[in-house]
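Peer 1: following is a predicted model, sequence given first.
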Amino acid sequence: MNIKFEIINILYAVNKLTSFPVQPEMKLCNLTNNQLTKFPVQPEMKLCNLTNNQLTKFPVQSKMIICNLSSNNLKKFPVQPKMEKCLLEDNQLTTFPIQPKMKECNLENNKLTEFPVQPEMTYCDLRNNQLTTFPVQPKMTYCDLRNNRLTQFPVQPRLRECDLRGNLLSSLPECNVD
C-alpha cells in the first residue's frame, strides 16, 4: 500500500522561520510573523499570508488569487497573472506593474511615484506614497489617495468615493452629477 501525504494548508504563523521549502500541493499558507527572507514559487498556491517577515523579493505565483505581503521589505512586485486581491502596505515599493486580474489592492505606506492603469481594479488604497499623477482607472469605484503629491486628478468614470486630502491640488475636474 502506497500512501501519498499532501499538505494543502500550511499554518506556521508566529515562529522564527527564515526559509520555507517548495510545497508542491499547497493551496493556502499562513506564515505571518516569521523571519522569512525568501519564499519560493509554490506551483498550486492560491492564497498566502506572509505579513511581517523580511522578504525583499517575491516570485511570480501562477495560481495565486489573494496575497498579503504587508510589512516586509519588498522593493518590487512582479505581475501575478491570476491575482485578484493583494495587500502590500508598509513595504518599500517604488513601482507597481499592471496586474491584469487585480480588483482590490492596498499599497499604502510605500514609495510609489507612479501607478499604471489597472484594467479590473475597483478598490485601491494608495495613501502615504509619493504619487504625482494618477491615470484614469476604468472600473475604480473607491480610491484613497491621501498624502501624496498629486497636482491634478482626472475624472474617474465609475468613482463613487475618493479621499484626496493632503495633496497639492489647486482644482478638481468637473463632474456630471446624475
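Peer 2: Structure's in. What do you need?

Peer 1: OK, contacts around the residue nearest to P24 when sequence neighbours are not counted?
Peer 2: Distances taken as CB to CB, 6 or more residues apart in numbering put P43 closest to P24, at 6.0 Å, once the chain neighbours are dropped. Yep, even glycine has a C-beta here, placed from its N, CA and C like the rest. Listed by CB atoms under 8 Å, 6 or more residues apart in numbering, the contact set of P43 reads V22, P24, S62, K63.

Peer 1: do you know how far P43 is from L28?
Peer 2: The gap separating P43 from L28 is 14 Å, by CB to CB, to the nearest Å.

Peer 1: swap in Y12?
Peer 2: Taking CB to CB as the measure, Y12 falls 12 Å from L28.

Peer 1: doesn't P119 make contact with P100?
Peer 2: Yes. Counting by CB atoms under 8 Å, P100 touches P119, with 6.7 Å between them.

Peer 1: excluding chain neighbours, give the residue nearest to V117 in space.
Peer 2: The spatial neighbour of V117 that comes closest, neighbours along the chain excluded (CB to CB, 6+ apart), is P135 at 5.0 Å.

Peer 1: how about stretch 108-125: buried residues?
Peer 2: E108, N109, N110, L112, F115, Q118, M121, T122, Y123, C124, D125 (16 or more other CB atoms under 10 Å).

Peer 1: tell me the domain ranges of the chain?
Peer 2: 1-74, 93-178 (automatic domain parsing).

Peer 1: still on that earlier bit, surely the residue nearest to V117 and M121 touch.
Peer 2: No. P135 lies out of contact with M121 (CB under 8 Å); the separation is 11.2 Å.

Peer 1: what stretches of this structure score poorly on pLDDT?
Peer 2: Counting by pLDDT under 70, the chain contains low-confidence ranges at 1-7, 173-178.

Peer 1: again, only using 80
Peer 2: In the predicted model, the chain carries pLDDT under 80 at residues 1-11, 172-178.

Peer 1: where do the strands sit along it?
Peer 2: 9-11, 28-30, 47-49, 66-68, 85-87, 104-106, 123-125, 142-144, 161-163 (DSSP state E).

Peer 1: rebuild those strands as TSV, extending it with distance to T95.
Peer 2: Listed next are these as TSV, based on distance: least, CB to CB, whole Å:
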stretch	distance to T95
strand 9-11	30
strand 28-30	26
strand 47-49	21
strand 66-68	17
strand 85-87	15
strand 104-106	14
strand 123-125	15
strand 142-144	19
strand 161-163	22
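
Peer 1: tell me which residue is most central in this protein.
Peer 2: Centroid-nearest residue in the chain, with CA atoms, centre = their mean: C86, separated by 3.6 Å.

Peer 1: count of neighbours near L74?
Peer 2: When neighbours are counted by other CB atoms under 10 Å, L74 registers 20.
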